[in-house]
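*Asks:* A structural model of the following input is requested.
(3 chains)
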Amino acid sequence: MVAMPELPEVESVRRQLHPRLAGRLVRAVHLDPQARFGAVDKAAGHRIAEVRRRGKYLLAPLDSDLELIMHLGMTGSFRFRGGGDGWQPDAYVRATFELDDAVMDFRDVRRFGRLTVVPTGDYAGIATLLGLGPEPLTADFDPARFHADIARTRMSVKPALLTQRPVAGVGNIYADEALWRARINPHARRLSRTRTDRLHAAIREVLVEAIAREGTTFRDYRMVDGEPGRNADFLVAYGQAGQPCPREGTPLRKVVLGGRGTTYCPRCQR
DNA sequence: AGATCGGCCTGGACGC
DNA sequence: TGCGTCCAGGCCGATC
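*Replies:* Reported below is the predicted structural model:
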């Protein structure tokens, strides 16, 4: 495992990115010739209004009814040159934004990150963003709707969460953490309202706690100032296979579910 | 239409 | 030491 920026990591990046980008003019965008980014160079000549977040996406409205969309993928990070944090561009810089008062690099070892510019709100070419579920930390995340979404699908609850449709921003780490906390087996289907209510609360809790620690860093995830998140030492399920369950000591089991590594307690997660 | 699966991409871990 | 193989996974497109 490397990084997997999920909602807490992306939100931590957003909080540092917003003050550095809001109001700035993009003078030019330089791309790695191998990068398959969309029309991100269309950002050139436009001013950034703000940096928002939806799920794991960073959204930066530009003037002229354009919108810069950024996704960190697995290993993406934004770094600024000459900021005193020692950052120097390396072989993994995939895009460089020349701003009116700064130079920002997008670094991405595995190239899973995505950058593009679209007409404001036109997400037709970005299926996951188009079908993105509610923001978990707002009132939009409604327990009744969450239950209906989880009950409607025939998928197991964990893969269902990873589709981003029942709720936005939950990835592999926080799915395992929330399911453990809610004592729900990741294979479970058609959960009762009582259990989706527990999961609803657990998702909010693990995300809020991880944001307070500025996310989970294993290796590559870095905030804009280069600092790692501090949540890795607080994970109780993800990556803890074989360790005793903190609730009652049964060794945690790792399986592959929906093609993703999944760790859970076979005894207390039913 | 919803669900499933392979591919993308790379470096690090691991085995011999 | 060095090489080959496997693994990690968010998202997307193809297919069932």
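*Asks:* ok, A:R52 touching A:I69?
*Replies:* No - counting by C-beta atoms under 8 Å, no contact exists between A:R52 and A:I69, whose distance comes to 10.5 Å. Every C-beta, even on glycine, is put in place using the N, C-alpha and C of the backbone.
*Asks:* what's the overlap in contacts for these two?
*Replies:* Common contact partners of A:R52 and A:I69 (C-beta atoms under 8 Å, 6 or more residues apart in numbering): A:58-60.
*Asks:* what's the closest of these to A:Y123?
*Replies:* Of all the shared contacts of A:R52 and A:I69, A:L59 has the smallest distance to A:Y123: 9.6 Å, by C-beta to C-beta.
*Asks:* what's the local residue count around the closest residue to the closest one other than its chain neighbours?
*Replies:* With C-beta to C-beta, 6 or more residues apart in numbering as the criterion, A:L59 has its nearest non-adjacent residue at 4.7 Å, and that residue is A:R52. Using other C-beta atoms under 10 Å, A:R52 has 13 neighbouring residues.
*Asks:* contacting residues around A:R52?
*Replies:* A:14, A:58-61.
*Asks:* and A:F106, what does it touch?
*Replies:* Here A:F106 is in contact with A:70, A:76-78, A:93-97, A:113, A:115 (criterion: C-beta under 8 Å, 6+ apart).
*Asks:* where's the residue of the stretch 151-270 of chain A found nearest DNA strand B relative to A:Q164, distance?
*Replies:* Residue of the stretch 151-270 of chain A nearest DNA strand B, by C-beta to the nearest atom of the strand: A:T153 (3.5 Å). Using C-beta to C-beta, to the nearest Å, A:T153 is found at 13 Å from A:Q164.
*Asks:* out of the two, which sits in the more crowded spot?
*Replies:* More neighbours surround A:Q164 than the other of A:T153 and A:Q164, with 21 against 15 (other C-beta under 10 Å).
*Asks:* so that one, which of the three states?
*Replies:* Put simply, A:Q164 is coil when judged by DSSP: H, G, I helix; E, B strand; the rest coil.
*Asks:* wait, it touches A:E135, no?
*Replies:* No - here A:Q164 lies out of contact with A:E135, judged by C-beta under 8 Å, at a distance of 11.3 Å.
*Asks:* between these two, what contacts are shared?
*Replies:* Joint contacts of A:Q164 and A:E135 (C-beta under 8 Å, 6+ apart) are A:G55.
*Asks:* restricted to strands, list the contacts of A:F106.
*Replies:* Using DSSP state E, the subset of these located in strands is A:70, A:76-78, A:93-97, A:115.
*Asks:* what sits against A:F80?
*Replies:* A:20, A:87, A:102-105, A:224.
*Asks:* does it have beta-bridge partners, and which?
*Replies:* Listed beta-bridge partners, A:F80: A:M104 (assigned using DSSP bridges).
*Asks:* how close does it get to A:I48?
*Replies:* From A:F80 over to A:I48 (counting by C-beta to C-beta), the distance is 14 Å.
*Asks:* for A:H30, same thing?
*Replies:* 17 Å.
*Asks:* try A:G229
*Replies:* On the measure of C-beta to C-beta, A:G229 and A:I48 end up 25 Å apart.
*Asks:* what about the strands in chain A?
*Replies:* According to DSSP E, the strands that chain A contains are A:26-31, A:52-54, A:57-62, A:66-71, A:76-80, A:93-99, A:103-108, A:114-119, A:253-257, A:260-264.
*Asks:* any idea how far the shortest one is from the middle of the chain?
*Replies:* Spelled out, it's strand A:52-54. Chain-centre distance of strand A:52-54: 10 Å, with C-alpha atoms, centre = their mean, to the nearest Å.
*Asks:* direction included, what does it pair up with?
*Replies:* strand A:57-62 (antiparallel).
*Asks:* re the thing from before, can I get the strands of chain A in CSV with distance to A:R181 and mean pLDDT?
*Replies:* Formatted as CSV, the strands of chain A follow (distance: least, C-beta to C-beta, whole Å; pLDDT from 0 to 100):
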stretch, distance to A:R181, mean pLDDT
strand A:26-31, 41, 95
strand A:52-54, 23, 97
strand A:57-62, 25, 97
strand A:66-71, 27, 96
strand A:76-80, 28, 95
strand A:93-99, 36, 96
strand A:103-108, 31, 96
strand A:114-119, 31, 95
strand A:253-257, 17, 92
strand A:260-264, 11, 93
